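Asker: for reference, the sequence and a predicted model appear below.
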Amino acid sequence: MEEYPISFPMEKARTIFRCSVITYLRNYHRFAITAATFVGIPFTFAILITQAILPISDLLPIVYNRLRTLFFAAGFPPTSEFFFDLSLKLSQTITSLVLLLPFTFSFHLLAKTYVVRSFRNKNGSYMSTFISLFFTQIWNSFLVLSANSLSFFLVSFTFSCMEGFGFKSPNVIIFVSASGGVLYSILLAHAYIISNLALVCSGIEGSVGGGYIAILRACVLIRGRTATALALALPISMAMTAIEALFHYRVMRAYRNSNNITVIMAVEGILIAYLYSTIFVLDTVVNCLFYRSCKGLNLAKIDGLENCSGDDSAEEDMKNLI
């Protein structure tokens, strides 16, 4: 078997993702049928429908106008195309989060709880695991809010300094705007992977590791492994984005053209929602195995699960990560 240096982040991500897919497929009856169908689909439908009705929501213009006013008061250039796009994207994100809030703290956490409990050597009660994830999700919301606030503060401070020193060149404004966009993306990506790992930590370690403690544990575990975590999150995010686009193309476009819901349209919507929920469950499996690799545990031997043990090449690769 060809050997790869385990210090290469992409190779670590490839091996973890490979074992995650094997574990998912060998436990399809547990993950896809139970977690995805009965728990994940309601949350998935909420996401897809929210993304579809977002442009016509009455809440979106209110949030957008508030953000534009806030940006202008902070000293951002009113003619910058970047801040027009940023305020629109932020308003869409905030509106979506508000509309999805009830589903995030119910079906989303129920599906996470079901999958995460499968990776616990000593399964506690379902309710205790759910409560631990519930409080961790609250702190995750503060983490994402803090990441947005920090990026906003840094860019606002930079523009204030530029205005104070008299740098008003269009090229400088474009450069700072582009740098702010990169900084914003980096901070949100880190907040995303830390939040996901924190949920896994709180679910596997129980009530001891719940809440803000789970976020601190996730920050410690991910140190030195950020590139691997980003490499694992990228294909999942791309897959979810592609499925959302497919829902818009196959379901919402047909509904807007006919202004009527047909049987074919409903069946396609259910299938797309199931596909989205399947990717959502797979994302949780990937995070659980990434957590085990960070803890130095053997990913080829998980009590109560059929995984990549028995697949010689996958098992050997997973042992090399310890």
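Answerer: Sure thing, it's come through.

Asker: pretty sure K12 sits against S293.
Answerer: Yes: counting by C-beta atoms under 8 Å, a contact exists between K12 and S293, whose distance comes to 7.4 Å. Placement of C-beta: from N, CA and C, glycine included.

Asker: between those two, which one's more packed in?
Answerer: Taking other C-beta atoms under 10 Å, K12 and S293 do not tie; K12 has more neighbours (24 against 21).

Asker: any figure for the gap between that one and T44?
Answerer: From K12 across to T44, the span is 29 Å (C-beta to C-beta, to the nearest Å).

Asker: S151 now?
Answerer: Where T44 is concerned, S151 sits at a distance of 29 Å (C-beta to C-beta).

Asker: have a look at these two and say which one is more surrounded.
Answerer: Relative neighbour count places T44 above the other of S151 and T44, with 28 against 20, counting by other C-beta under 10 Å.

Asker: so which strand or helix has that one?
Answerer: Following DSSP states H and E, one finds T44 within helix 41-53.

Asker: swap in I186?
Answerer: Taking DSSP H and E as the definition, I186 sits inside helix 170-205.

Asker: now the helix or strand just after that helix: buried residues?
Answerer: Read in the C-terminal direction, the helix or strand following helix 170-205 is helix 212-221, with elements assigned using DSSP H and E. Within helix 212-221, the residues that count as buried by 16 or more other C-beta atoms under 10 Å are I213, A214, I215, R217, A218, L221.

Asker: which positions in the helix or strand just after helix 212-221 come out as buried?
Answerer: Scanning forward in sequence from helix 212-221 by DSSP H and E, the next helix or strand is helix 226-247. Taking 16+ other C-beta under 10 Å as the basis for neighbour counts, the residues of helix 226-247 that come out buried are 228-233, 236, 239-240, 243-244, 246-247.

Asker: how far out from the middle of the chain is the longest helix belonging to the chain?
Answerer: Here the longest helix in the chain is taken by residue count, with DSSP state H as the criterion, and it is helix 126-165. Distance of helix 126-165 from its chain centroid, counting by C-alpha atoms, centre = their mean, to the nearest Å, is 14 Å.

Asker: give the contact list for the residue lying closest to L246 once chain neighbours are set aside.
Answerer: Beyond its immediate neighbours in the sequence, the residue positioned closest to L246 (C-beta to C-beta, 6 or more residues apart in numbering) is I272, lying 5.9 Å away. Contacts were defined as C-beta atoms under 8 Å, 6 or more residues apart in numbering; by that measure I272 touches L48, I243, L246, F247, R250, V251.

Asker: would you turn those residues into a markdown table with pLDDT?
Answerer: Listed next are these as a markdown table, based on pLDDT from 0 to 100:
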| residue | pLDDT |
| --- | --- |
| L48 | 81 |
| I243 | 90 |
| L246 | 89 |
| F247 | 86 |
| R250 | 85 |
| V251 | 84 |
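
Asker: ok, these vs A32, which is closest?
Answerer: I243 (15.0 Å; C-beta to C-beta).

Asker: and that closest one, how far from L232?
Answerer: Separation of I243 from L232 (C-beta to C-beta): 18 Å.

Asker: distance from the chain centre to the helix holding T44, please.
Answerer: On C-alpha atoms, centre = their mean, the centre of helix 41-53 falls 15 Å from that of its chain.
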